[in-house]
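Visitor: return a 3D structure for these sequence lines:
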Amino acid sequence: MQATCPQLTTRWLTMGNVCKWLLAKRVVLFEYINTAENPVNSAPPNWWWIVIADISALTDLINPVFVKLQSPNLLLSTQSALLDTLSTDIRTMIGVHGPFQLKRSEMLPGSLVSSTEGGMWIMLRL
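Guide: Alright, predicted model coming up:
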């Protein structure tokens, strides 16, 4: 395929790098999968690429904050402000709403509800 894989490490930053590489090479990957001599049975389904794009977008928000948090001279108040901003950005990106109160009796059957201390809720329909 004439492509160099991204450098892998054991760090969180790697996930974003791998997702970016996969998205940048997806056309070449599709061509390879569709023209391979032997059928590629392990190719990911179409929905998988949407998940990879979502993870890539999230890591675009998260990775710069993680890099900043690793600074040896960062004040605790600055770390807290960075994490607060990141939390707001992620909530905005994925559509978390609140604060509001939700009683157990108001939950939809077959739903999974996750809450945080600030009264934010995410309700996933299963």
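
Visitor: can you get me a residue count around the residue lying closest to residue 52 once chain neighbours are set aside?
Guide: In this structure, residue 52 finds its nearest non-sequential neighbour in residue 19, 5.1 Å apart by Cβ to Cβ, 6 or more residues apart in numbering. The C-beta positions use only the backbone N, C-alpha and C, and glycine is treated the same way. Around residue 19 there are 21 other residues, counting by other Cβ atoms under 10 Å.

Visitor: pretty sure residue 19 is touching residue 58, no?
Guide: No. Between residue 19 and residue 58 there is no contact under Cβ atoms under 8 Å: 9.1 Å.

Visitor: re the thing from before, quick check: the residue nearest to residue 52 is in a helix.
Guide: Yes. Per DSSP: H, G, I helix; E, B strand; the rest coil, residue 19 lies within a helix segment.

Visitor: give me phi/psi at residue 43?
Guide: phi -70, psi 140 (degrees, to the nearest 10).

Visitor: check which helix or strand the residue lying closest to it once chain neighbours are set aside maps to.
Guide: Once flanking residues are discounted, residue 43 sits nearest to residue 33: 4.8 Å by Cβ to Cβ, 6+ apart. For residue 33, the element it lies in under DSSP states H and E is helix 26-35.

Visitor: give the buried residues for the helix or strand following that helix.
Guide: Downstream of helix 26-35, the next assigned helix or strand under DSSP H and E is helix 46-69. Buried residues in helix 46-69, defined by neighbour count with 16 or more other Cβ atoms under 10 Å: 52, 55, 56, 58, 59, 62, 63, 65.

Visitor: kindly report the same for stretch 22-41.
Guide: Neighbour counts over stretch 22-41 (16+ other Cβ under 10 Å) mark 22, 25, 29 as buried.

Visitor: ok, so of the buried residues of helix 46-69, who is nearest residue 73?
Guide: residue 65 (16.4 Å; Cβ to Cβ).

Visitor: residues contacting that closest one?
Guide: Listed by Cβ atoms under 8 Å, 6 or more residues apart in numbering, the contact partners of residue 65 are 82, 83, 85, 86.
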